[in-house]
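Asker: All I have is the shape, not the residue letters:
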């Protein structure tokens, strides 16, 4: 039976992976973004979710079996993050035609559910690791909580099922994305190779030597589709990671080797990428022109501030995925292969030399 999906944030790291998987699985896919990109098999829908009337008009003739929400807009404060991002979920769900039959809505949030918002990220009293879905919300404002509450309210009103997906840092391909560690590290390694600068781990000793995990965008897409199609997974929140664990002291050398550079020994000093790459915009533009790259603007590829937030955390961060495993989700993705696959795609698309 042909199924129809609406992927919200279809041009982003997660949304593009979800749209690709659904097309491969034979779904009719509508891809919503403020500025839709050309994606094979995806029907573009242009809408700004902050525009109530415009959103409703864009969605007027779309009645999907499943909606996959993977978008947000970064604001200057958490209060503004809550106001803007909760309204975007509300405007989307209020603007959808009422379902003719069963409908499922999947929402992507993340580990800031456990670690706190950017203003208090990794600070204060935090839950013990590994993080589990049964842990209570932190006693602080968080736009992820506000997005969830909008989802729950709309589900109670309209009668659809839902799932919430909490990935760790996502590895995937997108340009102009605010949270993009994989591409940021690829750009940083390229700059180090170009200039002979040391390939220096930018984060904390806790991240360098502690255990951690990550989430490939394809793994997250598979998880979201599984939840949409699996009855026991509906009306549940899930952590979702690749299934392996590693230490950055191992992964850093793996990444360096891929770029044919040498990883510098970590001496315990935090050296944020935001500071290391602060003057590199012109250099990247020169590299792009010389190598025929398609994106000469450094800021559209790299998000050093977000990579610094992840790699600078003062605690070990490991995610428990037992809940999904018990309910039947068994997919696995090795994290180093996820990085290498991304680097190959970046090179093939002429985003890095």
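Answerer: Now that the structure is in, tell me what you want to look at. This structure is a prediction, so every number in the text was calculated from the model and none was measured. Residues are numbered from 1 along each chain as shown.
Asker: Tell me which stretches of the stretch 151-300 of the chain form helices.
Answerer: 181-195, 205-209, 217-229, 248-258, 273-276, 281-291, 298-301 (DSSP state H, counting those that start in this stretch).
Asker: Rounded mean pLDDT for the first one, please.
Answerer: The reference is to helix 181-195. For helix 181-195, mean pLDDT rounds to 97.
Asker: Make 4 the starting number, not 1.
Answerer: Right, with 4 as the first residue, what we last looked at is helix 184-198.
Asker: picking that back up, ranking the helices of the stretch 154-303 of the chain by burial, who's on top?
Answerer: Sort those by mean neighbour count, taking mean count of other C-beta atoms under 10 Å, and helix 220-232 sits at the top with a mean of 23. For every residue, glycine as well, the C-beta is placed using N, CA and C.
Asker: by contact count, what packs against that helix?
Answerer: Packed against helix 220-232, as judged by 3 or more C-beta pairs under 8 Å, 6 or more residues apart in numbering; DSSP states H and E, are the following elements: helix 16-27, strand 69-72, strand 107-111, strand 164-170, strand 173-174, strand 239-243.
Asker: Look up which residues are beta-bridged to residue 250.
Answerer: Bridge pairing for residue 250 (DSSP bridges) gives the partners residue 214.
Asker: Surely it and residue 213 touch.
Answerer: Yes. In this structure, residue 250 is within contact of residue 213 by C-beta atoms under 8 Å, at 6.7 Å.
Asker: ok so residue 35 is a strand residue?
Answerer: Yes. Membership of residue 35 in a strand is supported by DSSP: H, G, I helix; E, B strand; the rest coil.
Asker: residues contacting it?
Answerer: Each residue near residue 35 by C-beta atoms under 8 Å, 6 or more residues apart in numbering is listed here: 9-13, 48-50, 61.
Asker: Make JSON lines from those and add pLDDT and secondary structure to it.
Answerer: Below are these laid out as JSON lines (pLDDT from 0 to 100; DSSP: H, G, I helix; E, B strand; the rest coil):
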{"residue": "9", "pLDDT": "97", "secondary structure": "strand"}
{"residue": "10", "pLDDT": "98", "secondary structure": "strand"}
{"residue": "11", "pLDDT": "98", "secondary structure": "strand"}
{"residue": "12", "pLDDT": "96", "secondary structure": "coil"}
{"residue": "13", "pLDDT": "95", "secondary structure": "coil"}
{"residue": "48", "pLDDT": "97", "secondary structure": "strand"}
{"residue": "49", "pLDDT": "96", "secondary structure": "strand"}
{"residue": "50", "pLDDT": "96", "secondary structure": "coil"}
{"residue": "61", "pLDDT": "96", "secondary structure": "helix"}
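Asker: follow-up on the earlier one: single out the most deeply packed of the helices and strands packed on helix 220-232.
Answerer: Highest mean neighbour count among the helices and strands packed on helix 220-232 (mean count of other C-beta under 10 Å): strand 69-72, with a mean of 28.
Asker: Parallel or antiparallel, list what pairs with that strand.
Answerer: Strand 69-72 pairs in its sheet with strand 7-11 (parallel), strand 107-111 (parallel), by DSSP bridges.
Asker: Contacts made by that strand with the rest, please.
Answerer: Residues lying outside strand 69-72 but in contact with it, judged by C-beta under 8 Å, 6+ apart, are 6-12, 18, 21, 92, 95-96, 99, 106-111, 154, 227, 231.
Asker: ok, back up a step: give me the more crowded residue out of residue 250 and residue 213.
Answerer: Higher neighbour count among residue 250 and residue 213: residue 213, with 19 against 14, using other C-beta atoms under 10 Å.
Asker: which residues does that one contact?
Answerer: 250, 318-320.
Asker: still on that earlier bit, for PyMOL, write the selection for the buried entries among the contacts of residue 35.
Answerer: A single PyMOL command selects the buried members of the contacts of residue 35 (16 or more other C-beta atoms under 10 Å):
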select buried, resi 9+10+11+12+13+48+50+61
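Asker: where does this protein have low pLDDT?
Answerer: Applying pLDDT under 70 to the chain flags the ranges 4-5, 124-126.
Asker: same thing but at 90, please
Answerer: Where the chain drops to pLDDT under 90, the residues are 4-5, 39-41, 77, 101-105, 119-131, 177-182, 317-318.
Asker: one step back: among the contacts of residue 213, which lie within strands?
Answerer: Under the assignment DSSP state E, those contribute residue 250 to strands.
Asker: farthest pair in the contacts of residue 213?
Answerer: 250 and 318 (14.0 Å; C-beta to C-beta).
Asker: Look up the closest residue to residue 343, ignoring the ones flanking it.
Answerer: residue 261 (5.9 Å; C-beta to C-beta, 6 or more residues apart in numbering).
Asker: My error: substitute residue 40 in the last question.
Answerer: residue 14 (4.5 Å).
Asker: Is the one you found in contact with residue 41, as I believe?
Answerer: No. Residue 14 is beyond contact range of residue 41, at 9.7 Å (criterion: C-beta under 8 Å).
Asker: okay, the two: which has more neighbours?
Answerer: residue 14 (24 against 8).
Asker: Provide a list of residues in contact with that one.
Answerer: Contact partners of residue 14, counting by C-beta under 8 Å, 6+ apart, are 34, 36, 38-40, 42, 177.
Asker: Then residue 255?
Answerer: 202, 204, 211, 266, 269.
Asker: For the residues you listed, work out which two are farthest apart.
Answerer: Distance extremes for the contacts of residue 255: the farthest pair is 202 and 211 at 13.6 Å, using C-beta to C-beta.
Asker: hmm, back to that, distance to residue 86 added to the contacts of residue 213, as CSV?
Answerer: Converted to CSV, the contacts of residue 213 look like this (distance: C-beta to C-beta, whole Å):
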residue, distance to residue 86
250, 39
318, 29
319, 33
320, 28
